[in-house]
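Colleague: Provide a 3D model corresponding to the input given below.
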Amino acid sequence: MSNPLNSDELRAKLNGETGRLSWSELQRHFARGAVLAVAAELDLVEVAARIAEDDQVAVKGWMDAGRLVRATDSHARVWAAVSDEPALWAVVVAPWVLVQHARLH
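Modeller: You can find the predicted model right below:
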């Protein structure tokens, strides 16, 4: 059995697993109800790490504040409007796919 990752290793692993997606790549995950929308002001990797670490207090706080939500049809319409542009950042924390609009610099 392998040793669990420490906090920094987990965040580094998740950061390396993030990537840009288009709506067409995300659609099937949305259809099965496995997409969580992460508010722009949150750090996608930090949210993913807290979910992976089962930090219920942080996750519940974000959910209660509406900053982390199960993706809705409204999200889907916005994401579909950007069509095939890879305008979304995503990372998988099974069974969830966490998604955030890509920040353009």
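
Colleague: how many other residues sit next to the residue lying closest to residue 17 once chain neighbours are set aside?
Modeller: Excluding the flanking residues, the one nearest residue 17 by Cβ to Cβ, 6 or more residues apart in numbering is residue 91, at 5.5 Å. Every C-beta, even on glycine, is put in place using the N, C-alpha and C of the backbone. Residues contacting residue 91 under the criterion other Cβ atoms under 10 Å number 25.

Colleague: could you do residue 45 as well?
Modeller: 20.

Colleague: is it in contact with residue 13, as I believe?
Modeller: No - judged on Cβ atoms under 8 Å, residue 45 makes no contact with residue 13 at a distance of 9.5 Å.

Colleague: what residues of stretch 21-32 count as buried?
Modeller: Residues of stretch 21-32 classed as buried: 21, 22, 23, 26, 29, 30 (neighbour count, 16 or more other Cβ atoms under 10 Å).

Colleague: how far does it sit from its chain's centre?
Modeller: Distance of stretch 21-32 from the chain centroid (Cα atoms, centre = their mean, to the nearest Å) equals 12 Å.
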